[in-house]
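Novice: heads up, no residue letters with this:
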């Protein structure tokens, strides 16, 4: 169960921020959508919750997936800040 939660959280971070080959296509796609429909593609917490809810069909596991995606996003962000200080 934890491996599945972690896998979905990492997938959410790939799509929302860290996988460069799809970022230009994602931005083009989200520019065409209204803001309320584009938010899950731009926010790792939102995408983690909705993908978790679709996959697990359990709101508690979806919330845990969202929290895990948020923690991974913050961890990567802080590592990038730390790396750029040198």
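Specialist: Nice, I can see it. If you're wondering where the values come from, they're calculated on a predicted model, not measured in any experiment. Numbering: from 1, shown residues only.
Novice: residues contacting the residue most central in space within the chain?
Specialist: Nearest to the geometric centre of the chain sits residue 44, at 2.5 Å (CA atoms, centre = their mean). Counting by CB atoms under 8 Å, 6 or more residues apart in numbering, residue 44 touches 9, 12, 13, 16, 17, 69, 70, 72, 73. From N, CA and C alone the C-beta is placed, and that goes for glycine too.
Novice: repeat that with 7 Å
Specialist: 12, 13, 16, 17, 69, 70, 73 (CB atoms under 7 Å, 6 or more residues apart in numbering).
Novice: now swap in residue 43 and tell me
Specialist: Each residue near residue 43 by CB under 7 Å, 6+ apart is listed here: residue 16.
Novice: Following element in sequence after the helix or strand of the chain with the lowest mean pLDDT, please.
Specialist: Scoring the helices and strands of the chain by mean pLDDT, DSSP states H and E places helix 35-42 at the bottom, with a mean of 80. As assigned by DSSP states H and E, the chain's next helix or strand after helix 35-42 is helix 44-56.
Novice: buried set for the helix or strand following that next one?
Specialist: Helices and strands here follow DSSP H and E; after helix 44-56, the next one along the chain is helix 59-84. Neighbour counts over helix 59-84 (16 or more other CB atoms under 10 Å) mark 61, 62, 64, 65, 66, 67, 68, 69, 70, 72, 73 as buried.
Novice: Please tell me the pLDDT value assigned to the first one.
Specialist: Pointing back at residue 61 there. For residue 61, the pLDDT comes out at 97.
Novice: separation between it and residue 32?
Specialist: According to CB to CB, to the nearest Å, residue 61 and residue 32 sit 31 Å apart.
Novice: what's the answer for the fourth one, then?
Specialist: In this structure, residue 65 and residue 32 are 27 Å apart, going by CB to CB.
Novice: Please apply the same query to the third one.
Specialist: With the distance defined as CB to CB, residue 64 ends up 32 Å from residue 32.
Novice: what about this protein, any weak spots by pLDDT?
Specialist: Within the chain, the segments meeting pLDDT under 70 span 86.
Novice: Closest to residue 53 out of the buried residues of helix 59-84?
Specialist: residue 62 (3.9 Å; CB to CB).
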